[in-house]
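Engineer: A structural model of the following input is requested.
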Amino acid sequence: MKKMNRVIMRTFAAMLVWAMVFASGGMLQAAEAAMTVSQTVDHNLAVFSVKGAPGGGTPVSILVMQKGTKSIVYMDQTAAAGGEARFSTLLPKGEYTGYVSAPGAAKVLLQDFSIEKEEKITGFKALKAVAVAKGARAVLPSSVIAVFDSGANREVGVQWPDAPGTETPGEFTLSGVVNGTAERVALKLIVSGETPQPTPTDSSGEDDSSSGGAAPTPKPTPSASPGAAPVIKASATLDGTTAKVEVAAAVINSAFSEAAADSKGIKRVEIIIDEVTGAKAYEPELPASALTNGNSNQVIKVTTPVGSVELPGNLLRPEQAGGSGSLSISMSAIGASGLRDPALKAAAGDRPVLELGLKADGKAVALDGKGPQVKVSFPYKLNSGEQRNPEHLVVQYVDGAGNVRKIANTKYDAGAGAVTFTTAQFGQFALTYEVKSFTDGGNYPWAEHAIGVLASKGIIEGTSDTQFSPADNISRADFLVLLVRTLGLTADFTGNFSDTSPSDYYYEALGVAKKLGISEGADGDAFHPQAPITRQDLMVLSARALQQAHLIGKQSGGAAELAAFHDAADVASYASESIAAMVEAGIVTGRGDTLAPLDKATRAETAVIMYRIFNKL
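Structural biologist: A predicted model of the protein is given here:
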């Protein structure tokens, strides 16, 4: 009886049938699926069980709002299995309303309910490891048993935003987000199978010696599998504490002739340099023509024990090489002791610090930060504190003058056990870990995790040190700054919009967006930077930027993707294809069963969109 007093059961069902009239004049009776939703509230845990949803894996969405303010506190989507779906989340004290929707079904209003008593999570029941064969789909648990401070155990929904693919065998620790909280739960993923190994280099071949202590010129090695990048195995020799090797133009050209273009039209060649005892740095020397040929579709990946860099053929303009016939790329792990900034040195601790350099004829070549991006990766094993939430890892860049800034696109690749990021400048790169939160983030639990991750990476900022103001609107300029920063977009531009000036903090972002064709402005050559951005324009600008970064494709038509939203007719004709592409990519899920294209975007909504874009990188 005591337990019954703590559990409030409510069931609310809606069954509606409607007729669709077609322009041909004929009338067809089309019955929407009749869904029912049962609600259970146990202290601050709300559970919603859906039955009668359309079949075929149709997505079912739920939206829960505060009654008075209509602020969204929980929003989720899952595929119906056997016509059923289940949602569960923790909520703060308050009164709530909302609805459940699905394409081809009548929207079901939730019965109003209230949360009167809160309990805190003190831990979780350990999840069983998930085992999967290499390349197979991993089915991760949708809920976890949480232990509360009252001693009660309750099942709470969990999501896995950083789950890796299963192409690489090994054991990986995943970190799941518990619905309605900032809590994380760990899960071990075991991927079985063997990875193909490159064919060993034939050591009986002829050597082409060179002066200056450089190693023999390597030869291309056949790829281990069709479609893989040709591998050049390079044996370096030690010069002081630097392992050096020269790779001839003929070898690189031969490897590219064997390379197959990927789906984006890019050909890749990998140079692998094995570990050299006593080496603190690795310095391959490449022909200047390989990095100044203007061909962005040719990429050379240089892999060393320190890390790897992916260098595009248009890395430098010919004049930047200064007429040199060769360029040297240096990579070294210097540790925090090599940093001058005391705060950064403390933040890095014992984590890796990487130094990258570029030289022509022994003289340093500076990258201006406006050229192509170079992808960098280095091995890293998470410590016990980071395993719970690796998304808060962030690389910080130090330029030649000692200035420090965060690399927003830092990611941890659980499958490879490595940190990755892209940069358009070389220098020092220190790995740090930062957990940022705001006192008003808990009012928007569906956005709190995204806000915290992006703030830690320096992508977004609060309205103060402690406040984020998630319900506030965001200006057109501020949104574009976030978009350019999230994707790491760069461009060498000369012109800009007529209503901005070089002293504006958003001048660079607007100039990049205009140069790349992401924004054409409004009212001629104006941009209206201080005006609040609509959800429609937010989606259009995001789609163009993602297409520019080759992260999503262009969507033709868009009617099918938008048909699930009741207000699709409100979408402007110029925006329909872009919004459809965002929906198809899973970046936009709408406000329940609406897109609300003409509404002003809030800071919380923007953070969630930016977080989803970030996870496309």
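
Engineer: just the CA atoms of stretch 411-431, as CSV, please.
Structural biologist: The C-alpha trace of stretch 411-431 is given here as CSV (Å, rounded to 0.1, in the frame of the first residue of the first chain):
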residue,chain,number,x,y,z
LYS,A,411,36.9,14.7,-30.5
TYR,A,412,37.8,11.4,-28.9
ASP,A,413,37.7,8.4,-31.2
ALA,A,414,36.9,5.5,-28.9
GLY,A,415,37.4,3.0,-31.7
ALA,A,416,41.0,4.2,-32.5
GLY,A,417,41.8,5.2,-28.9
ALA,A,418,42.9,8.6,-30.2
VAL,A,419,42.2,12.4,-30.0
THR,A,420,41.4,14.1,-33.3
PHE,A,421,41.0,17.7,-34.4
THR,A,422,41.6,19.9,-37.4
THR,A,423,43.7,23.1,-37.6
ALA,A,424,44.8,25.6,-40.2
GLN,A,425,47.8,26.6,-38.2
PHE,A,426,50.8,24.8,-36.7
GLY,A,427,52.3,25.3,-33.3
GLN,A,428,51.8,23.7,-29.9
PHE,A,429,48.6,21.7,-29.1
ALA,A,430,47.9,20.8,-25.5
LEU,A,431,45.2,18.3,-24.5
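
Engineer: quick one, helices of the stretch 451-600 of the chain?
Structural biologist: 476-487, 507-515, 535-548, 559-562, 576-584 (DSSP state H, counting those that start in this stretch).

Engineer: let me know how buried Ala564 is, in neighbour terms.
Structural biologist: Burial measure for Ala564: 19 neighbouring residues, criterion other C-beta atoms under 10 Å. C-beta: built from backbone N, CA, C; applies to glycine.

Engineer: could you do Pro502 as well?
Structural biologist: What Pro502 shows, counting by other C-beta under 10 Å, is a neighbour count of 8.

Engineer: and the protein, what are its domains?
Structural biologist: 2-115, 121-192, 220-433, 444-614 (automatic domain parsing).

Engineer: kindly reformat the ones you listed as JSON lines containing mean pLDDT.
Structural biologist: Shown next, in JSON lines, are these (pLDDT from 0 to 100):
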{"stretch": "domain 2-115", "mean pLDDT": "73"}
{"stretch": "domain 121-192", "mean pLDDT": "81"}
{"stretch": "domain 220-433", "mean pLDDT": "91"}
{"stretch": "domain 444-614", "mean pLDDT": "91"}
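
Engineer: can you put the helices of the stretch 451-600 of the chain in a markdown table and add distance to Thr173 and mean neighbour count?
Structural biologist: Shown next, in a markdown table, are the helices of the stretch 451-600 of the chain (distance: least, C-beta to C-beta, whole Å; neighbours: other C-beta atoms under 10 Å):
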| stretch | distance to Thr173 | mean neighbour count |
| --- | --- | --- |
| helix 476-487 | 26 | 24 |
| helix 507-515 | 36 | 22 |
| helix 535-548 | 29 | 22 |
| helix 559-562 | 35 | 15 |
| helix 576-584 | 31 | 23 |
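
Engineer: mind giving me TSV with these and columns for distance to Ala522?
Structural biologist: Converted to TSV, the helices of the stretch 451-600 of the chain look like this (distance: least, C-beta to C-beta, whole Å):
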stretch	distance to Ala522
helix 476-487	9
helix 507-515	12
helix 535-548	9
helix 559-562	23
helix 576-584	16
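
Engineer: for Gln298, which of those is the nearest?
Structural biologist: With C-beta to C-beta, the closest approach to Gln298 among the helices of the stretch 451-600 of the chain belongs to helix 535-548: 19.7 Å.

Engineer: so what's the gap between the closest one and the chain middle?
Structural biologist: Its chain's C-alpha centre and that of helix 535-548 lie 16 Å apart, by C-alpha atoms, centre = their mean, to the nearest Å.

Engineer: and it, what does it pack against?
Structural biologist: If contacts are counted by 3 or more C-beta pairs under 8 Å, 6 or more residues apart in numbering; DSSP states H and E, helix 535-548 sits against helix 476-487, helix 576-584, helix 603-614.

Engineer: columns distance to Val50 on top of those helices, output as CSV?
Structural biologist: Shown next, in CSV, are these (distance: least, C-beta to C-beta, whole Å):
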stretch, distance to Val50
helix 476-487, 34
helix 576-584, 21
helix 603-614, 23
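
Engineer: quick one: closest of these to Val60.
Structural biologist: Among the helices and strands packed on helix 535-548, helix 576-584 sits nearest to Val60 (C-beta to C-beta), with 15.7 Å.

Engineer: out of the helices and strands packed on helix 535-548, which is closest to Pro470?
Structural biologist: Comparing the helices and strands packed on helix 535-548 against Pro470 with C-beta to C-beta, the closest turns out to be helix 603-614 (3.5 Å).

Engineer: quick one: end-to-end length of stretch 129-136, please.
Structural biologist: Using C-alpha to C-alpha, to the nearest Å, the end-to-end distance of stretch 129-136 comes to 16 Å.

Engineer: oh, that last question was meant for stretch 526-533, not what I typed.
Structural biologist: 14 Å.

Engineer: buried residues of it, list them for me.
Structural biologist: The neighbour-count check on stretch 526-533 (16 or more other C-beta atoms under 10 Å) flags 527, 529, 532-533 as buried.

Engineer: what of stretch 355-375?
Structural biologist: So, applying 16+ other C-beta under 10 Å, buried residues of stretch 355-375: 355-360, 365, 367, 371-375.

Engineer: circling back to that earlier point, ok, which pair from the buried residues of stretch 526-533 is furthest apart?
Structural biologist: Taking C-beta to C-beta as the measure, the buried residues of stretch 526-533 span a maximum distance of 13.3 Å, between Phe527 and Pro532.

Engineer: quick check: neighbours shared by the two?
Structural biologist: Taking C-beta atoms under 8 Å, 6 or more residues apart in numbering as the criterion, Phe527 and Pro532 both touch Arg476.

Engineer: my read: Pro532 touches Ala601, true?
Structural biologist: Yes - applying C-beta atoms under 8 Å, one finds Pro532 in contact with Ala601, separated by 7.5 Å.

Engineer: quick one: common contacting residues for these two?
Structural biologist: Listed as contacting both Pro532 and Ala601 by C-beta under 8 Å, 6+ apart are 473-474.

Engineer: what are the contacting residues of stretch 498-517?
Structural biologist: Here stretch 498-517 makes contact (C-beta under 8 Å, 6+ apart) with 477-478, 480-481, 483-485, 489-493, 495-497, 518-521, 524-529, 541, 544-545, 548.

Engineer: now do stretch 405-423
Structural biologist: 162, 164-165, 167-168, 170, 172-174, 191, 307, 352, 373-382, 390-391, 393-397, 429, 431, 457-459, 485-488, 614, 617.

Engineer: just the buried members of the residues you listed?
Structural biologist: Counted by 16+ other C-beta under 10 Å, these give 162, 164, 168, 170, 172, 174, 191, 307, 352, 373-378, 380, 382, 390-391, 393-397, 429, 431, 457-459, 485-488, 614, 617 as buried.

Engineer: please flag which of those residues sit within strands.
Structural biologist: Assigned to strands by DSSP state E, the following of these qualify: 170, 172, 174, 191, 374-378, 393-397, 429, 431.

Engineer: and of those residues, the nearest to Val185?
Structural biologist: Among these, Leu174 lies closest to Val185 (C-beta to C-beta), at 9.0 Å.

Engineer: and that closest one, how far is that from Leu187?
Structural biologist: 5 Å (C-beta to C-beta, to the nearest Å).

Engineer: kindly report the same for Ala260.
Structural biologist: In terms of C-beta to C-beta, Ala260 sits 36 Å off from Leu187.

Engineer: quick one: which of the two has more around it?
Structural biologist: Using other C-beta under 10 Å, the more surrounded residue of Ala260 and Leu187 is Leu187, with 21 against 12.

Engineer: helix, strand, or coil at the more buried one?
Structural biologist: Assigned by DSSP: H, G, I helix; E, B strand; the rest coil, the conformation of Leu187 is strand.

Engineer: pretty sure Ala243 is in a strand, no?
Structural biologist: Yes - per three-state DSSP, Ala243 lies within a strand segment.
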